[in-house]
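Asks: everything below, folded, please.
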Amino acid sequence: MQPNLMINDAEWDKLISDVAFYFEDLTLKRGFQYYKQKRVKSLRMISSRRIMAVVEGREDYAVSLELDHLTESHCDCPVQGPCKHMAAVLMNVAESQERSVNMLANAKAVIDRKKTEVLEASAAAGVSGSRREQAQKLAGLIPGATVAQWREYMALLTAPLAQSVRNPQYSGRALSAIMEVQADLAPAAALLFQLNAHLFILESLIQPLPPNHAGTLSSSSYSLGYYTSIAVSELKEAVTRLMKSGLPLASEPEEWPRVRETLDYVQLEMLTESRDRLREQPYFSFCYDRLWNHWIAPNTSGSELYLEELDALRERASGLGAAANRSALLLAESRMYFYLNDDKAAWERLAAASERPGLHPDELMGFLPPLAEAGHWSRLAAWLEATGPLLNSRLYNLQGYAAYWEDAVRHLPEAEPQMWNTLSGMLPLSQDIYEEKLLAAGKWREWMDYQLAAGKEPSDFRVSDLQPVEKNAPELLLPFYHQAAERFVLEKNRHSYKAAVKLLKRLAKLYKKMKREARWEEFLDAFTARHSRLRALQEELRKGKLIP
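Replies: A predicted model of the protein is given here:
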C-alpha cells in the first residue's frame, strides 16, 4: 500500500515559495503544458514526502521529487536541475491534493502578488465612500456627454484604484465603479457607454502603472504579468459578448457621432500599439475588428463609410509619422477592402503586413467568420487559400483554420482540390492537419507517400496511429516496415536488432492478414540467410520466435 500524502496549508504555502525560488517561470509554463497534455504516468508515493513518476517527453523520463527539499529532486532528462518534467509532476500532485494547479504554474506571480496585497487592500478601502457621491453627481451628465467626456468621468470614478495591482479583481472593481453611474441612456447609447468603459479599463490594464508603484517596470521593458493577462483575456471576452448583441443604430441614428468618436479613439490606439509582445494579439486591433464586424458594418449600406475610413486611416498614419504601426495600418486597410469586396487589394495588404514582425495569426483568421456566417463558400475558400500561407507561426494551432476548410468543402465540394493544394503548399507548417485530413478522407496512399517523403520511421508513430492504414490498405505498410527493418539491421547493435525484430513481427501479422503467408516465409528465409553472420541479430530473431 502506498503512503498517504497530505499537504496542509502551511506546507502548501512553503511549496509555492520553494517552487517560485527553484524553478524558472518559463520552465513552469512548459511543465503546465505537459500536465495538461497528461504526460505524467505511473505517479506513486515512495514515502509521505517523496514521489516518483514517469513523464513522456522525447522519451520516457523518470522523476523523483522530494517535496520538503526540492533541490534534492531529480529527473534523468538531459537538463541539469529543475526541468519541465519535474514541474509537471508537481502539478499532478497539486491536483491530487485538490490544490490550485494554476498557483504552482504561476508561483512567481503568486509570491509577487502577496507583496502587493497590503497596497491593494488600502487602495480598495478608500473607494466606496467617494464613489457613490461621484456617481450621483455624474449620472445627470452622462446622457449629454461626448465619449471624451465619458472617459474623463471614468477616470474620476476609478481614481481610488490607481495604485491597485492590475488583475481580474481590479478590472471587476473598476467596471463596477463606472457602472454605478445609473444614467438614463437609450439602448444604443447604453451599449456604447459599456463598450467605452471596457476600453477604458483595457487601456489601464496594458499601460505601465505609475512610477511610484512598487515593482513597476519602465515602459521600455514593460510586459504583462500573468494576472494582468488573465484580466485582459476576460475583458476581451466581455467585449465580444457585448458586441454580439448588435447596436440598434437604426432606431437611434443620433448615436452615430459617438460611434465615430469611439472608432477614432480605437483607431488611434491601434495605430500606435506596440506589437513586440510575442504570441499576444494586439489588443486594440482586436477591438477595431470587432467594432467593424459587429456594430458598424451591419448598420452600413454602400461603400461610402469604408472609403472614408481608408482616407481617415492614411491621414492619421501620415500625421503619426514614424510612430505609426505600419502592420496595423495595412491590416486595417485590408479590412476596409474586405468590406468593399476588393479581395485582391485586401490580400496584397495582408501579404505586406505578414512580412513585418508582430502580426498575430488571429488577425488573419478574423476575416473568415463573417464569410462562413453569411454562407459565402466560394469566397471563403478563396480567403482560406490566400491567408493559409501567411499563417507562418509554428506556435499557432491550425485546427480552427482546418475547420473552415471543412465547412467550405462540405458546402462546395468542388473546392476540395483547392484545399489540398493549399494545405500541401503550407507544409511543413500544416503537417498535422494535412495528415489528419488525408486519413479522414481515406487517402491512404497519399498519406503514406507523404510519410516516406518526410523521412518518417514506423517508430515515429504509435501502433494506434497506423491502425487505419493497416485496416484499409495494409499493403502500403509493407515497404514502410521493410525499409525501416533493413535500416535498423545496418546500425549493427543490440538495440537496433531488437527494433528490427519488433518490425518484422508486425510484418508477419500484415502478411497473415493479407493471406500471403508463403510470401512472408520466403522473405524471412532470405532475410535470415542474408544476415546469418550477425549472431546478435539471429539471437533476437529466435527470442522473437521468428526462427527456431
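Asks: pLDDT weak spots in the chain?
Replies: 1-4, 48, 112-135, 208-224, 275-281, 358, 393-396 (pLDDT under 70).
Asks: quick one, strands of it?
Replies: Remark: strands assigned in the chain by DSSP state E are 40-47, 50-56, 60-66, 74-75.
Asks: right, so of these, which gets closest to residue 425?
Replies: strand 50-56 (32.4 Å; C-beta to C-beta). Quick note: C-beta positions are derived from backbone N, CA and C, even for glycine.
Asks: a markdown table for the strands of the chain, including distance to residue 357 and mean neighbour count?
Replies: Formatted as a markdown table, the strands of the chain follow (distance: least, C-beta to C-beta, whole Å; neighbours: other C-beta atoms under 10 Å):
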| stretch | distance to residue 357 | mean neighbour count |
| --- | --- | --- |
| strand 40-47 | 36 | 14 |
| strand 50-56 | 34 | 20 |
| strand 60-66 | 35 | 18 |
| strand 74-75 | 35 | 19 |
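Asks: contacting residues around the closest residue in space to residue 405 that isn't next to it in sequence?
Replies: Residue nearest to residue 405 in three dimensions, not counting chain neighbours: residue 419, with 4.9 Å by C-beta to C-beta, 6 or more residues apart in numbering. The contact partners of residue 419, taken as C-beta atoms under 8 Å, 6 or more residues apart in numbering, are 381, 384, 405, 408-409, 437.
Asks: neighbours of residue 244, just the number please.
Replies: 11 (other C-beta atoms under 10 Å).
Asks: next one: residue 255
Replies: Around residue 255 there are 21 residues (other C-beta under 10 Å).
Asks: before we move on, what about the one 4 residues further on?
Replies: Other residues within reach of residue 259, judged by other C-beta under 10 Å, total 19.
Asks: what's near enough to touch it?
Replies: Counting by C-beta under 8 Å, 6+ apart, residue 259 touches 192, 247, 249, 295-296.
Asks: now swap in residue 74 and tell me
Replies: Neighbour list for residue 74: 63-64 [criterion: C-beta under 8 Å, 6+ apart].
Asks: so which bits of stretch 159-174 are buried?
Replies: Of all the residues in stretch 159-174, those buried under the rule 16 or more other C-beta atoms under 10 Å are 160-161, 164-168, 170-171, 173-174.
Asks: so what's residue 33 closest to, chain neighbours aside?
Replies: According to C-beta to C-beta, 6+ apart, the nearest residue to residue 33 is residue 84 (7.8 Å).
Asks: isn't the one you found up against residue 25?
Replies: No. Between residue 84 and residue 25 there is no contact under C-beta atoms under 8 Å: 11.8 Å.
Asks: neighbour count: the two, which is higher?
Replies: Between residue 84 and residue 25, counted using other C-beta under 10 Å, residue 84 has the larger neighbour count: 26 against 15.
Asks: ok, the more buried one - contacts?
Replies: Counting by C-beta under 8 Å, 6+ apart, residue 84 makes contact with 27, 30-31, 33-34.
Asks: Serialize those residues to JSON lines and add fields for neighbour count and distance to residue 267.
Replies: What follows is the contacts of residue 84, written out as JSON lines (neighbours: other C-beta atoms under 10 Å; distance: C-beta to C-beta, whole Å):
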{"residue": "27", "neighbour count": "19", "distance to residue 267": "40"}
{"residue": "30", "neighbour count": "17", "distance to residue 267": "38"}
{"residue": "31", "neighbour count": "28", "distance to residue 267": "41"}
{"residue": "33", "neighbour count": "13", "distance to residue 267": "36"}
{"residue": "34", "neighbour count": "21", "distance to residue 267": "42"}
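Asks: what's the closest of those to residue 537?
Replies: Using C-beta to C-beta, residue 34 comes nearest to residue 537 of those, at 36.8 Å.
Asks: look up how far residue 83 lies from the closest one.
Replies: According to C-beta to C-beta, to the nearest Å, residue 34 and residue 83 sit 10 Å apart.
Asks: got it, and residue 483?
Replies: 35 Å.
Asks: who's more crowded, these two?
Replies: More neighbours surround residue 83 than the other of residue 483 and residue 83, with 25 against 14 (other C-beta under 10 Å).
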